[in-house]
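1. one predicted model, sequence on top.
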Amino acid sequence: MASEQQLTAIKGAKVLMVGAGGIGCELLKTLALSGFQDIHIIDMDTIEVSNLNRQFLFRKSHVGQSKAKVARDAVLRFRPHISITPYHANVKDPDFKVDFYKQFNVVLNGLDNLDARRHVNRLCLAADVPLIESGTTGFLGQVTVHIKGKTECYECHPKPAPKTYPFIHCIVWAKDLLFAKLFGDKNQDNDLNVRSSDATSSSEHAEDVFERKKGEGIELYGRRIYDHVFGYNIEVALSNEETWKNRNRPRPIYSRDVLPFEQIQQNGNVDKNLVADDPSSVSAMASLGLKSPQDIWSLKDNSRIFFESLKLFLVKREKEIGNLTFDKDDQLAVEFVTAAANIRASSFGIPLHSLFEAKGIAGNIVHAVATTNAIIAGLIVIEAIKVLQNDANSYRMTYCLEHPSKKMLLMPVDPFEPNKSCYVCSETPLLLEVNTHCSKLRDVVEKIVKAKLGMSCPLVMHGSALLYEVGDDLDEDMVANYAANLDKVLSGLPSPITGGTILTVEDLHQELLCNINIKHREEFDEEKEPDGMVLSGWTQSPVKEKDDNASINNGASASHAPSQAVSLEGKEDSEIEIVPVGTGSVLPGKKRKLLDISEDTVPYLSSITDETSSKNKLEEIDDDDDGDDVVMLDDGCSDGIKKKRLR
Ligand SMILES: Nc1ncnc2c1ncn2[C@@H]1O[C@H](COP(=O)(O)OP(=O)(O)OP(=O)(O)O)[C@@H](O)[C@H]1O
Ligand SMILES: [Zn+2]
């Protein structure tokens, strides 16, 4: 039960929630039931069938509608007198300026990607509004509190850029949607659009394009599926302008453009598989003479594998069709999923992957666990109430573990101090080593300012000389001038950038400005420094640890298969390796000293302290693994940073 004081703080609060997905639905419900009365929600997406298993505010009839709006309506049904304001929009939309943030007492993130999280972090700092961050991956999760000047900001320590993340979505699409639709239960609910343009929209019984027509040849059928999912469905998606306002538009791909019809007919050599009595050894790669699973196939080869594996399923494994579920040890299934994921990746401008990599990703996908989202949402609200009461001594970052430690599944730790060399929350300049005679301004803007510093609308200045900016209100001359600058080497710019120059970069939408000291360097190691430049400053810790009790060891070697993501074996009782999860990237492992935990710090801990019962509870949920929230857990790496706790 909340105290009088807590209730007063809750009732008077105006909160912003960003994201109304897995965590967001739980969070909105918990906020409403805890007495919050003024809640604003931003979410840019519409509801999909695959969300329904865990985003419990949504029903099948809501598919296609705004998540923020439907979530609001669902909660108003049981809390009709509170105010919930939905925004069906990208949080990076310039309408959400610093003044927008200033109206809130606290911002609560339930996002699934680094880019949006960094953006919100910057605006919360600019507006001086506390931010509570969260993330989940399967059974793992965490909640962190970020208060300007008091605790570390979300970006105080660099997070490696996600490498495979967008590709994971292609794998999930190929595996859980396309493979399931073609070879699994025909009557399942599925997000794939199954109606073609010829199907009259009025007819309820319009044909399902995935059904093979009577007498239809395998090649024709394959081509129809290919053109539907990679061509027509992409065109349908493109017609919704709203979706692409802040995203890269995909390109429809049709089979005739990649592989002329004759080539599809001559595609594979099914006979090569004749020796295979065992259906499990049938392989499209063998049929096509593609040998190495490590090779990254071209779009054309992926298309050939697509047609060939489809053909082999229909010819050699006909009996299994309708009952198949994806299995990473099923060679033909992996070939099909790799090819389909790569063709989709090509459409979205995402780098293609080898069969070997795709198999690893497909086999390691961690599904969302609704209970973890619910626990994390509860913890967000607990921290939010402390923040509203300005109860700084009780702020905790809490980690939800997979296996109990000291009979606990929730690990609270003290928040950390801000990193004094963080370019986001402090004014410490960065250092860029670059060959100023070879590198162009475009390289700095793309590889450093956008990719590393996460600025979306950057402006680059040298002293008072404006070298580059983006914006809707620029006149033609300025646009031409900036375009010309982008193609000049740094030392050849109108206001030359050389060793010793201080460059100022700014993103007006994020209210972020930082200075970069330029150091000229002649040579770079192509393998280790592929950008041809090195950015530093931000990663070094300003803190010299003196107090052993306050020190955190670096997670020197943290290899984290999903089940080991939090590894306790061989560790001192009070020390644990923690991997922040659900952040849309693979994050470094960190060891953190645990607090003495009492039930005061985590009020509902007592309900899950029984080792056996809590484990069983979670394992039951594992049975329902048809969630599609995916975060790859890869090998973690140390960020090599020492941090200092607040107390
Ligand atoms: N830039 C953004 N602006 C607004 N909302 C965002 C932004 N980025 C992500 N989101 C929202 O954050 C939510 C994250 O929820 P969640 O992790 O459950 O993902 P999901 O997209 O619902 O599910 P899945 O990715 O597993 O299909 C989504 O609803 C998504 O629309
Ligand atoms: Zn910071």
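-> Right, received. Where do you want to start? Ligands and ions are numbered 1, 2, ... in the order given.
2. quick check: Lys359 is in a helix.
-> Yes: assessed with DSSP: H, G, I helix; E, B strand; the rest coil, Lys359 lies in a helix.
3. which helix or strand contains the closest residue to it other than its chain neighbours?
-> Leaving aside its chain neighbours, Lys359 sits nearest to Val334 (4.9 Å; criterion: CB to CB, 6 or more residues apart in numbering). Heads up, the C-betas are built off the backbone N, CA and C, glycines and all. Take DSSP states H and E as the rule and Val334 turns out to sit in helix 331-347.
4. helices or strands up against that helix?
-> helix 165-172, helix 284-288, helix 299-316, helix 355-364 (3 or more CB pairs under 8 Å, 6 or more residues apart in numbering; DSSP states H and E).
5. so the residue nearest to Lys359 touches Gly360, yeah?
-> No: here Val334 does not reach Gly360: they are 10.2 Å apart, not a contact under CB atoms under 8 Å.
6. off-centre distance for the helix holding Val334?
-> In terms of CA atoms, centre = their mean, to the nearest Å, the centre of helix 331-347 is found 21 Å from the chain centre.
7. please apply the same query to stretch 221-234.
-> With CA atoms, centre = their mean as the basis, stretch 221-234 stands 27 Å off its chain's centre.
8. and if you look at stretch 313-329?
-> With CA atoms, centre = their mean as the basis, stretch 313-329 stands 31 Å off its chain's centre.
9. that older thread, give me the distance between the residue nearest to Lys359 and ligand 1.
-> Plainly put, Val334 is 22 Å away from ligand 1 if you go by CB to the nearest ligand atom, to the nearest Å.
10. wait, what's in contact with that residue?
-> Val334 sits next to Lys328, Leu355, Ala358, Lys359, Ala362 when contact means CB atoms under 8 Å, 6 or more residues apart in numbering.
11. what subset of the residues you listed is also close to ligand 1?
-> Subset of those in contact with ligand 1: empty, counting by CB under 6 Å from any ligand atom.
12. what does this protein have sitting close to ligand 1?
-> Contact residues (CB under 6 Å from any ligand atom) of the chain with ligand 1: 19-22, 24, 42-45, 50-51, 67, 90-92, 111-113, 116, 628-629.
13. buried ones only from those, please, as a PyMOL command.
-> One line in PyMOL is enough to select the buried members of the residues of the chain next to ligand 1, burial here meaning 16 or more other CB atoms under 10 Å:
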select buried, resi 19+20+21+22+24+42+43+44+45+50+51+67+90+91+92+111+112+116+628+629
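14. and the helices in the stretch 451-600 of the chain?
-> Counting by DSSP state H, counting those that start in this stretch, the stretch 451-600 of the chain has helices at residues 476-486.
15. distance check, the nearest residue to Gln331 once chain neighbours are set aside against ligand 1.
-> Leaving aside its chain neighbours, Gln331 sits nearest to Ser283 (5.1 Å; criterion: CB to CB, 6+ apart). From Ser283 across to ligand 1, the span is 31 Å (CB to the nearest ligand atom).
16. could you check how many residues crowd around the closest residue in space to Leu324 that isn't next to it in sequence?
-> Excluding the flanking residues, the one nearest Leu324 by CB to CB, 6+ apart is Phe183, at 4.0 Å. Here the count is done by other CB atoms under 10 Å, and Phe183 has 22 residues near it.
17. hang on, Phe183 packs against Ile321?
-> Yes: contact criterion CB under 8 Å: Phe183 and Ile321 qualify, at 5.4 Å.
18. give me the common contacts of these two.
-> Common contact partners of Phe183 and Ile321 (CB under 8 Å, 6+ apart): Phe313.
19. so for the helix holding Val334, mean pLDDT?
-> Mean pLDDT, helix 331-347: 97.
20. nice, that's everything, thank you.
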